[in-house]
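1. The following block contains a protein sequence and its predicted model.
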Amino acid sequence: MSGVSFSVAVRAFCPVERGGSGADPGPLVSITASVAVTATGTVHMHDCRSLGKAKPRRYTFAELTAAGVQRTCKTCRVDERVPLTKEQSAYATTATKEWRRTESIRQEAEQLRKRRTELKSRIERADDQLDSLTRGWDRERLPQGSWPPASTATTATGPCNELLRDTEPIAFCEAVAVAAYDADAGTLILRCPVDSDHDPFMLREQAKNLVAHGHPHRAARGFDLWLSWQADRSAAFAALEAIERQYADVLPLHPIPNCAVCGDPLQMHRTREEEIWFCPGVEGQRRHLVRRDKRDDPTSASRAVEYLVGHFLQSLRRPAYGQLWPFALSPTSQLGDESLNPDPELLERNHERLLTTIAVVDGAGLAADDADLEDMRRQCQQLLEAVETLQVDGSAYGVLEPAVAVGATPSKIQQWLLIETLTLGAEGPPKVTFTLDRPDVRERLEIAGLRHAISAAREWADQREQELHAREKHQP
């Protein structure tokens, strides 16, 4: 039989509160069947061996839909023994089309949820096995030869939170720690001079991550290779820090919030989960402002600034209906105002810094294996392209206009070009003022708009007057 079966029809015409469509059963009301319905909602034929305590009797179709039937017994073949007529099947197919589509999606979603639960269970079991293998790696002595021989480096030094960066971040622990691998003794040890709690457990967790991620330089127990890679990475970051010191007097091309308490520029420390804003304050005194935001929190300071700048740019997409319409300038023309043009010398210094930074990252050859360096390389390249556009055009319009046209999240340099002041407190949203909203800039833009409107209106009037004279000449 093609079309809708008896079991599907019963579930489909159930009331909405029982998961059915609640549709009018139409010709199906004439269906009666001698069946038994169990407490779990399973329908059996009267001669089925799996009836249990359920008593068979003659049910009408309305009684079956009201009984909350969930399924029919496959052993006694209910659908084959209680077939629908062609008329009933055709009606059910039409009346329950939307319900059957929804039910198919629900079943698929349920299967995906079960699959996800199964995969999560398998991951947990694999993690437990990996944990049992690595639990004693920080203190046990393995037989000689069970570890690979040391290759190019057996120790690595660097900030504690950087050596253990793949585990839970260690807030501001930037003490110089040492990771040492002894091939003969079969030990891997990290020593933090500030807090000994940063040593054993965190190191085991780091080892688990190295194995689980299958990094090309992080093979299981191939810590000599990892230390070599870590040493190269530390050298690359040391070179990058030297660049930052060299260009310390060059303002970055992104908005820097001011402290809501004292007005000084804030500093930020970024971990894998948080953005921590703080005011350096006076040396020897307690910091008077510290703000912690989750990086994925839509109410964080960074996300709030992105939203405010994006909203400002979107406002420029709307036509300026008013007294000057239709002769008004396009709102996006404001993005070419001279008040938004950055200092050419500042652009040149940042251009040099970006080229130097990219050269160091490329020279280290680690960007493909290190997410931090890869992200840094990508951001520097995007910023470099924007700086070159500003240098060639001599105006901010070419950098800002795409954000208005596309409606994408504004980049850091786009935010920097538009923002006049940015103030941030320990709590609450940031306070942003835009350069184009500054009174002197707004006055100049309005005057320029009036001049353009008057000129355009005169040109339009001259054209209409010429058109009028031409038409009057052709009148009889």
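-> Sure, I can see it.
2. What residue spans form the domains of the protein?
-> 6-95, 155-235, 258-318+342-432 (automatic domain parsing).
3. weakest of these by average pLDDT?
-> Of all the domains of the chain, the minimum mean pLDDT falls on domain 155-235 (a mean of 55).
4. For my notes, please list the domains of the chain in JSON lines and give mean neighbour count for each entry.
-> Where you see a C-beta, it was placed from the backbone N, CA and C, and this is true even at glycine. As requested, these are exported to JSON lines (neighbours: other C-beta atoms under 10 Å):
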{"stretch": "domain 6-95", "mean neighbour count": "17"}
{"stretch": "domain 155-235", "mean neighbour count": "18"}
{"stretch": "domain 258-318+342-432", "mean neighbour count": "16"}
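5. between these, which one is nearest to residue 440?
-> domain 258-318+342-432 (11.3 Å; C-beta to C-beta).
6. Now find how far off-centre that closest one is within its chain.
-> 17 Å (C-alpha atoms, centre = their mean, to the nearest Å).
7. Where does the residue nearest to residue 252 when sequence neighbours are not counted sit: helix, strand or coil?
-> Leaving aside its chain neighbours, residue 252 sits nearest to residue 350 (7.6 Å; criterion: C-beta to C-beta, 6 or more residues apart in numbering). Three-state assignment for residue 350 (DSSP: H, G, I helix; E, B strand; the rest coil): helix.
8. re earlier: I'd like to know which of the domains of the chain is closest to residue 333.
-> Nearest of the domains of the chain (C-beta to C-beta): domain 258-318+342-432, 8.1 Å.
9. Span of the closest one from start to end?
-> One end of domain 258-318+342-432 to the other measures 11 Å (C-alpha to C-alpha, to the nearest Å).
10. Flag every buried residue along stretch 462-476.
-> Within stretch 462-476, no residue counts as buried by 16 or more other C-beta atoms under 10 Å.
11. picking that back up, let's have the domains of the chain in JSON lines, adding distance to residue 108.
-> Shown next, in JSON lines, are the domains of the chain (distance: least, C-beta to C-beta, whole Å):
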{"stretch": "domain 6-95", "distance to residue 108": "16"}
{"stretch": "domain 155-235", "distance to residue 108": "30"}
{"stretch": "domain 258-318+342-432", "distance to residue 108": "29"}
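12. Quick one: closest of the ones you listed to residue 119.
-> Across the domains of the chain, residue 119 has its closest neighbour in domain 155-235 (15.1 Å, C-beta to C-beta).
13. returning to that earlier point: wait, isn't the residue nearest to residue 252 in contact with residue 387?
-> Yes - at 5.9 Å, residue 350 counts as touching residue 387 under the criterion of C-beta atoms under 8 Å.
14. so residue 413 touches residue 254, yeah?
-> Yes - in terms of C-beta under 8 Å, residue 413 counts as a neighbour of residue 254; the distance is 6.7 Å.
15. so residue 44, which of the three states?
-> With three-state DSSP as the criterion, residue 44 reads strand.
16. contact partners of stretch 51-64?
-> Stretch 51-64 has contacts (C-beta atoms under 8 Å, 6 or more residues apart in numbering) with 10, 13, 25, 28-39, 43-46, 67.
17. State the helix or strand in which the residue nearest the centre of the chain lies.
-> In the chain, the centroid-proximal residue (C-alpha atoms, centre = their mean) is residue 296; its distance is 7.3 Å. Taking DSSP states H and E as the definition, one finds residue 296 inside no helix or strand.
18. if I look at it, how far off is residue 271?
-> 12 Å (C-beta to C-beta, to the nearest Å).
19. cool, residue 417 as well?
-> For residue 417, the distance to residue 271 - C-beta to C-beta - is 28 Å.
20. One more: residue 121?
-> Using C-beta to C-beta, residue 121 is found at 30 Å from residue 271.
21. ditto for residue 416
-> Relative to residue 271, residue 416 is positioned 23 Å away (C-beta to C-beta).
22. same thing with residue 82?
-> 64 Å.
23. With residue 392 instead?
-> According to C-beta to C-beta, residue 392 stands 37 Å off from residue 271.
24. Likewise for residue 19?
-> Taking C-beta to C-beta, one finds residue 19 at 46 Å from residue 271.
25. Repeat that for residue 380.
-> In terms of C-beta to C-beta, residue 380 sits 21 Å off from residue 271.
26. try residue 470
-> For residue 470, the distance to residue 271 equals 73 Å [C-beta to C-beta].
27. I'd like the next helix or strand past whichever strand or helix holds residue 378.
-> Per DSSP H and E: residue 378 is located in helix 371-393. Per DSSP H and E, the first helix or strand lying C-terminal to helix 371-393 is helix 397-406.
28. Check which helices and strands that next one sits against.
-> helix 301-315, helix 371-393, helix 412-418 (3 or more C-beta pairs under 8 Å, 6 or more residues apart in numbering; DSSP states H and E).
29. what touches both of residue 350 and residue 387?
-> Jointly contacting residue 350 and residue 387 under the rule C-beta under 8 Å, 6+ apart are residue 253.
30. related to what we said a few turns ago, now for the helix holding residue 378, which elements pack on it?
-> helix 223-246, helix 344-364, helix 397-406, helix 412-418.
31. would JSON lines of those helices with distance to residue 330 be doable?
-> Formatted as JSON lines, those follow (distance: least, C-beta to C-beta, whole Å):
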{"stretch": "helix 223-246", "distance to residue 330": "40"}
{"stretch": "helix 344-364", "distance to residue 330": "26"}
{"stretch": "helix 397-406", "distance to residue 330": "10"}
{"stretch": "helix 412-418", "distance to residue 330": "17"}
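32. Can you say which of these is nearest to residue 106?
-> So among the helices and strands packed on helix 371-393, helix 397-406 is nearest, using C-beta to C-beta, at 36.8 Å.
33. would you list every one of the helices in the protein?
-> 6-12, 61-66, 78-81, 86-95, 97-134, 160-163, 200-213, 223-246, 301-315, 344-364, 371-393, 397-406, 412-418, 439-473 (DSSP state H).
34. can you tell which of those helices is closest to residue 290?
-> Nearest to residue 290, of all those, is helix 301-315, at 12.5 Å by C-beta to C-beta.
35. so what does the closest one touch, helix or strand wise?
-> In terms of contacts (3+ C-beta pairs under 8 Å, 6+ apart), helix 301-315 is packed against strand 274-278, strand 290-294, helix 397-406, helix 412-418, strand 419-424, strand 431-434.
36. Just the residues contacting the last one, thanks.
-> By that I understand strand 431-434. Strand 431-434 is contacted by residues 260, 305, 308-309, 312, 418-424 when judged by C-beta under 8 Å, 6+ apart.
37. do the first one as well
-> Among residues not part of strand 274-278, those counted as contacts by C-beta under 8 Å, 6+ apart are 169, 171, 257, 266-270, 287, 289-295, 300-302, 424.
38. now that strand against strand 290-294, angle please.
-> Calculated by axes from the mean of the first three to the mean of the last three C-alpha atoms, to 10 degrees, strand 274-278 forms an angle of 160 degrees with strand 290-294.
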